[in-house]
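Novice: attaching a predicted model along with its sequence, questions to come.
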Amino acid sequence: MASSEQNPLVPEMGTITKIIDETPDVKTFHVTTPNGKPFTPKPGQLAMLSLVPVGEAMFSITWQGDDYLEFSIKRVGVMTDALHEVEVGAAVGVRGPYGNSFPVDIMKGKDIVFIGGGIGLAPLRSLINHCVANRDDFGKLEVLYGSRSPADLVFKYDLFDNWPKVKDMDVYVTVDRGDDDWKGKVGFVPAYLEELKPSPEGKIAVTCGPPVMIKYVLQSLEKLGFSDEQVITTLEMRMKCGVGKCGRCNIGSKYICLDGPVFSLAELKKLPPEW
Amino acid sequence: MKAVSKEKLPALLEELAKEGTLYVPSSSGDMSRFVPWKSDIQIDLDHNTTMSLKGILFPQTEVLYDYKFGEENTVEPPPPGSEKIIVFGVRPCDVQAIRCLDEVFLTRTYVDSYYKEKRERLIIISLGCTVAEDTCFCKDMGVNPVEAEGADMVLFDLDGEYGFEEKTDKGKEIAKKIASQLSETSKKKPEAPSFSLQVNSKGIVEKLQKMFERPIWEEVSQKCIGCNTCAYLCPTCHCFDINSKNTEAMKGYKYRTWDACLGKDYALMAGGHDVRPSKVERIRNRYLHKLLFFQERYGMFLCTGCGRCLRECPAGMNIAGFINQLEGVTVDG
């Protein structure tokens, strides 16, 4: 975490070193600085990226390499439109890391089921890759992921290639609507979850996706017997400062940038139902 | 107590102005605010200012850094100032507001560098109130209308003269500088003024904790036109937006501006999701931030009872009236 004596609103200047096309509207960017990786985030943390002359926005850090941070970004607004137009070598500002992180210590030794929808797999990926990199610290790993269509599936290389090869790790993929080539599952994530029926015994569920998906996934997990402490999610709010000052991202008395973005369902239920 | 006669105040201010940038309350048309002191300035110590001193510590527009992209990419925050900032005649409600802003900008993991460097240079000379206006309710929000806890020095209006009491080391230092202007008075500190507006804030935190989903929010938000006048005049509202301005193709500056929670796009996310899509949710968030959330996070109200928002709201929104309305609300347990 940045020292309190540093100016937390000033970015480090970095460069985009690699761009991966994930889907028609999602790209993955590698960002580095002249001094290497700007910082070493924990799984689930956030960073503020800025692009001249467009603006600055908060993104979850999808993963990291030895000398870069990785961000998978969906094109949804002014800043992300602009990011999707840049080429390798473009200058970006980066500041962070912000927020808490996934509670990997209390997840140790447990089975973990990841439930993602759409671009919601991006924030989960930092945790999934952390579990894969520290494979022996965790029990069985399961990823349940869905998107609107086969073309909209992000991280196909992980879903179909890397993750299924990992010891004791299963990946379940579904799409809302298939196409002529799609041989896999068709259906919504919550329905697939109820069909797969993961047992809550010794398990933690981590979910992220569109608000409507999260709502039904939480209901399904409850039906399956998961307690509120066994369910973890990560929230998104509009942010400007990232350090709990600008007032924008509150849910009740919590700031998502600082106290979040990761919450257990038990913690969320103590907050006003605005998330 | 040390004191200065009111006729001798200009000479004392002239002395204070030698110590740094001196701000004094002054009116221009219908507006009053703190402005840098000049010998010919008309000082208005009869009423609290329309604009609080918030903008001195947290300017309405403030450059965060200059940036330049090219062969070398650089960001350069502005250099910190060095002069003392002395604000004269700050009312106790607005001193309390600075204590709120201190919590926001100086605590909870991150320190806001821009606020901090000005705050360290700030010396607050408060003026206790002997008259409460009909929109004042500071005493009911836990503020002492006479003593101004948090000020470096407090002035008392003693009828014909101002009594002085230094409260901090900074205040003592300033008192030394103006010692030759002061004489001893036998007069006593004035009594607290009487308030025509009575607000019952007792127990509202516990009550509001159980009132998130209530029809009252529909009712109280109806009049609001979302103009944000309340937030801009509020001495404690601290929300800000960050934007950039390019002065050349790859050169420009990043700046922050005051922002306010009643605007339509305040919480709107890219992609269209908005957790507070209508004024019902926005007013609820505003009032709860002032009266509940800030209490939960920092242990104080984010409302000091200065009364600006009820005095100036073009639509008649009234947070004091809202607090009193809570008396009639019952919650379980």
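Specialist: Right, received. Where do you want to start? All of these numbers come straight from a predicted model, not from anything done at the bench. Residues are numbered from 1 along each chain as shown, chains lettered A, B, ... in the order given.

Novice: what does the stretch 101-250 of chain A have sitting close to chain B?
Specialist: A:211, A:236-238, A:240-241, A:243-248, A:250 (CB under 8 Å from any CB of the partner chain). Yep, even glycine has a C-beta here, placed from its N, CA and C like the rest.

Novice: if any of the residues you listed are buried, put those into a ChimeraX selection.
Specialist: Per 16 or more other CB atoms under 10 Å in any protein chain shown, the buried members of these correspond to this ChimeraX selection:
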select /A:236,237,238,240,241,243,244,245,246,247,248,250
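
Novice: partners of the one helix or strand residue A:19 maps to in the sheet?
Specialist: Under the criterion of DSSP states H and E, residue A:19 resides in strand A:12-23. When pairing is defined by DSSP bridges, strand A:12-23 lines up against strand A:26-32 (antiparallel), strand A:91-98 (antiparallel).

Novice: to residue B:324, which of the ones you listed lies closest?
Specialist: strand A:91-98 (39.8 Å; CB to CB).

Novice: average pLDDT for the closest one, rounded please.
Specialist: Strand A:91-98 shows an average pLDDT of 96 in the prediction.

Novice: pull up the per-residue confidence for the closest residue to residue A:197 other than its chain neighbours.
Specialist: Excluding the flanking residues, the one nearest residue A:197 by CB to CB, 6 or more residues apart in numbering or on different chains is residue A:224, at 6.4 Å. Residue A:224 carries a pLDDT value of 98.

Novice: how near is residue A:224 to residue A:11?
Specialist: 43 Å (CB to CB, to the nearest Å).

Novice: next SSE after the strand or helix carrying residue B:93?
Specialist: Using DSSP H and E, the element containing residue B:93 is helix B:92-106. As assigned by DSSP H and E, the chain's next helix or strand after helix B:92-106 is helix B:113-121.

Novice: list the contacts of the next helix or strand after that following helix.
Specialist: Moving toward the C-terminus from helix B:113-121, the next helix or strand (DSSP H and E) is strand B:122-127. Outside strand B:122-127, the residues that touch it by CB atoms under 8 Å, 6 or more residues apart in numbering or on different chains are B:16, B:19-20, B:45, B:53, B:56-57, B:84-92, B:95, B:98, B:148, B:150-155, B:157, B:162, B:170-171, B:174.

Novice: if we go to 7 Å?
Specialist: B:45, B:57, B:84-92, B:95, B:98, B:148, B:151-155, B:157, B:170, B:174 (CB atoms under 7 Å, 6 or more residues apart in numbering or on different chains).

Novice: from these, which land in strands?
Specialist: B:84, B:85, B:86, B:87, B:88, B:89, B:90, B:153, B:154, B:155, B:157 (DSSP state E).

Novice: and of those residues, the nearest to residue A:91?
Specialist: residue B:85 (36.2 Å).

Novice: about what we covered before: got the buried residues for the helix holding residue B:93?
Specialist: B:92-106.

Novice: tell me how far the residue of the stretch 151-300 of chain B found nearest chain A lies from residue A:55.
Specialist: Here the stretch 151-300 of chain B gets closest to chain A at one residue, residue B:270, 2.7 Å apart by CB to the nearest CB. According to CB to CB, residue B:270 and residue A:55 sit 10 Å apart.
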